[in-house]
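**Q** sequence first, then the predicted structure, then my questions.
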Amino acid sequence: MKIGSKRSCDVLIIGAGSAGLRAAIEAHDAGSNVLIISKSKKGDPHTTLARGGINAALGTMDPEDNWMVHAADTLREGEFLADYEKVEVLCKNAPDAINELVNWGARFHREENGKLTQRFFGAHTYRRTVFYEDWTGQEIIRVLLDQVIQREIEIVDNVYIAKLLKSSSVGAKGEATEVKGAYGIDFKKKEIMRFECKSIILATGGYTRVYSVSSSRIFENYGEGVALAYEAGVELVDMEMVQFHPTGMVWPEKALGTLATEAIRGEGGILLNSKGERYMKNYYPERMELGPRDVVARATFNEILAGRGTPHGGVWLDVTHLSKEKIMDRLPTMYEQFKNIDGIDISKEKMEVGPTAHYSMGGVLVDMNCRTKVRGLFAVGEVISQIHGANRLGGNSLLDTVVFGKIAGVEAARFANEVRERQKTGPLPLRSKINTQVGINDGIFVNKEPITFRNEIQELMKYNAGIIREETKLRNGLKRILELKSKFYSKDNIIEEFKIDNDNVALTMQVESSLVVCEAIIRCALMRQESRGAHYRSDFPNTDDEKWKVNIYCRKEGRNMVLFKDNVKEIEGPLSDLLNIHFKAEHHREFE
């Protein structure tokens, strides 16, 4: 395969969602030449599917709220697996992040007095979720993309990054690996591209599409960035922690898994089983439908297993007690979604929903400045770990993309500047020749039937490593993943003549990423012999706070995936004192 175009820049950003765009703005403003690569169409990243809102302890609705209570909620609902210092950064910077978006033109909902409206989301002590109708993510993309366009930062879409380029050097501190660029496939030009840069930011999203029922679209979130980092030598953390959202559509089949936003429950929606019982009173009476996502998802799953599910294997989500005026003001996108897909008028009829794989709490290991162990390689957004712990609060995902996106951008620009200065003041380091021919040894090839592999992986993950897990199924799942891995890479299953117009190219790369991710999920799930947050082991139903208050790491050694665990960083300072005070205001709401 001959390499076609070659592009150079200071900072290469892989991913054009809210994390990538926010990083690009900051890197540009720090003086770097920035290039954004996206496999999605410009303006249509996965972020646009984030409906419900973005969190900040503004105190506009509940003056008692502050960043520390927000941080305490985040740590507590993450079952104390998160890095508390990252959580502090997230929550302290949240108000400034919201104000920045507002100053750039974000049209968040406001009260009659002009203050930003804040709604309840599950497991929050106070109302702190800011929103725009029920498509907040799309509004944030609109605002960030406008800033990117104003700065004339280039976005190249329909490009799939296949491999990171790196070099190794030996210095006083031993051998160091540093990124130099990436190989990508341009599906518009139908050619292999080479990107050379001084630093890279992975903003590639999560890995929930390795499950057959997922809120992600079919072409995204196979853990591509996770796999790129892992193959480059970066460690992964807590890969077993996959959040299942309680309310994905279950019918019609073409809409299976499509998200029914938490904003529906935040505005007063209730969950009912086939008997018309509001079953959350039996699982989490304090907060009912606004309990932690993992609790609500498992409760829903249990109701379905117990035979109290709806005709299509779900439960009912009901807002018919709300006025249509409120529904059209607060939930217009959901109204249109159910009307257009299923012919349901949610102001008059109940919605049929069930759990759907929604968010990856696990991912790439980074430090406080979004740096990986590979020099020049940064990561931000859902691709990284240790911000949300074992269970993410609704509304915190959009927040972490803009807070840490800003940090990643300035840090990547700083590193790029250091490289530039190093090249000016000293002799250039010896570099290995970059081939103008690439092939299977460079990680770019085509499998003959990748869709068969992808479909089997998704089904086996749903069955063996889904909402409820146990050892036998996990071991069977791992055995099959390793068998599929061997078969997928066998010479008999590889097309000798590579053609970029072959539909199987993207599918092949999806399967490659999925194999890495799924092996990590299952191995970590086997190692964690307890139930914590989104990870529920039916054979270990209890949480052992002392023994299992650990992060589980994966790293590549040769061809093997090696696991080890380490204690979670001990919480210190005022947050520790706050968490020792056993209070958590249980909120109440009245239905209209």
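**A** Now that the structure is in, tell me what you want to look at.

**Q** same for the helix or strand harbouring F378, what does it pack against?
**A** Counting by DSSP states H and E, the element that carries F378 is strand 377-379. Judged by 3 or more Cβ pairs under 8 Å, 6 or more residues apart in numbering; DSSP states H and E, the packing partners of strand 377-379 are strand 199-202, helix 224-231, helix 396-425. Quick note: C-beta positions are derived from backbone N, CA and C, even for glycine.

**Q** contacts for that strand next, please.
**A** The contact list for strand 377-379 (Cβ atoms under 8 Å, 6 or more residues apart in numbering) reads 23, 164, 166, 179, 199-203, 225, 229, 232, 234, 363-364, 366, 369-372, 408, 411-412, 415.

**Q** ok, now stretch 569-583?
**A** With contacts defined as Cβ under 8 Å, 6+ apart, stretch 569-583 is touched by 68-69, 71-72, 75-76, 80, 83-85, 88.

**Q** can you rerun that using 6 Å?
**A** With Cβ atoms under 6 Å, 6 or more residues apart in numbering as the test, stretch 569-583 has contacts from 68, 71-72, 83-84.

**Q** greatest separation within these: which pair is it?
**A** Using Cβ to Cβ, the contacts of stretch 569-583 span at most 16.3 Å, a distance reached by M68 and D83.

**Q** ranges for the helices of the stretch 251-400 of the chain?
**A** Along the stretch 251-400 of the chain, the segments classed as helices by DSSP state H, counting those that start in this stretch run 263-266, 293-305, 324-330, 332-342, 396-425.

**Q** among the contacts of stretch 569-583, which ones are buried?
**A** Of the members of the contacts of stretch 569-583, the ones counted as buried by neighbours, 16 or more other Cβ atoms under 10 Å, are 68, 71-72, 83-84.

**Q** of all these, which comes closest to D134?
**A** Using Cβ to Cβ as the measure, the one of the buried ones among the contacts of stretch 569-583 that approaches D134 most closely is A71, at 26.3 Å.

**Q** please name the nearest non-neighbouring residue to the closest one.
**A** Ranked by Cβ to Cβ, 6 or more residues apart in numbering and with sequence neighbours excluded, the top spatial neighbour of A71 is C91, at 4.2 Å.

**Q** what about the one you found, how many neighbours?
**A** Neighbour count of C91, defined by other Cβ atoms under 10 Å: 27.

**Q** who touches it in this structure?
**A** Remark: with contacts taken as Cβ under 6 Å, 6+ apart, C91 is in contact with 67, 70-71.

**Q** and if you look at Y126?
**A** By Cβ under 6 Å, 6+ apart, the neighbours of Y126 are 62, 65.

**Q** stretch 130-140: end-to-end distance?
**A** 12 Å (Cα to Cα, to the nearest Å).

**Q** which stretches of this structure have low pLDDT?
**A** 1-2, 169-175, 426-438, 440-441, 502, 582-592 (pLDDT under 70).

**Q** where's the residue most central in space within the chain relative to A97, distance?
**A** Nearest residue to the geometric centre of the chain (Cα atoms, centre = their mean): E382, 2.9 Å. Using Cβ to Cβ, to the nearest Å, we find E382 at a distance of 17 Å from A97.

**Q** for the nearest residue to V419 once chain neighbours are set aside, grab the count of nearby residues.
**A** Of all residues not flanking V419 in the chain, K198 sits nearest, at 4.1 Å (Cβ to Cβ, 6+ apart). Residues within reach of K198, counting by other Cβ under 10 Å, total 26.

**Q** K198 and A416 touch, don't they?
**A** Yes - taking contacts as Cβ atoms under 6 Å, K198 lies within contact range of A416: 3.8 Å.

**Q** identify the contacts common to the two.
**A** When contacts are counted by Cβ under 6 Å, 6+ apart, K198 and A416 have D10 as shared neighbours.

**Q** for E418, what are its contacts?
**A** Neighbour list for E418: empty [criterion: Cβ under 6 Å, 6+ apart].

**Q** once you drop chain neighbours, what's closest to the residue nearest to the centre of the chain?
**A** Counting by Cβ to Cβ, 6+ apart, E382 lies nearest to G206, which is 3.8 Å off, once chain neighbours are set aside.

**Q** and what of T74?
**A** Across the structure, with Cβ to Cβ, 6+ apart as the measure, the residue nearest T74 apart from its sequence neighbours is V87 (5.1 Å).

**Q** out of the helices of the stretch 251-400 of the chain, which gets nearest to A525?
**A** Judged by Cβ to Cβ, the one of these that comes nearest to A525 is helix 293-305, at 14.2 Å.

**Q** what lies in contact with that closest one?
**A** With Cβ under 6 Å, 6+ apart as the test, helix 293-305 has contacts from 122, 243-244, 246, 273, 279, 283-284, 315, 355, 391, 467, 533-534.

**Q** doesn't N551 fall inside a strand?
**A** Yes - note on N551: a strand contains this position according to DSSP: H, G, I helix; E, B strand; the rest coil.

**Q** doesn't E235 make contact with it?
**A** No - the pair N551 / E235 is not scored as a contact, 10.0 Å apart, by Cβ under 6 Å.

**Q** neighbour count: those two, which is higher?
**A** N551 (22 against 18).

**Q** specify the beta-bridge partners of the more buried one.
**A** In this entry, N551 is beta-bridged to D566, by DSSP bridges.
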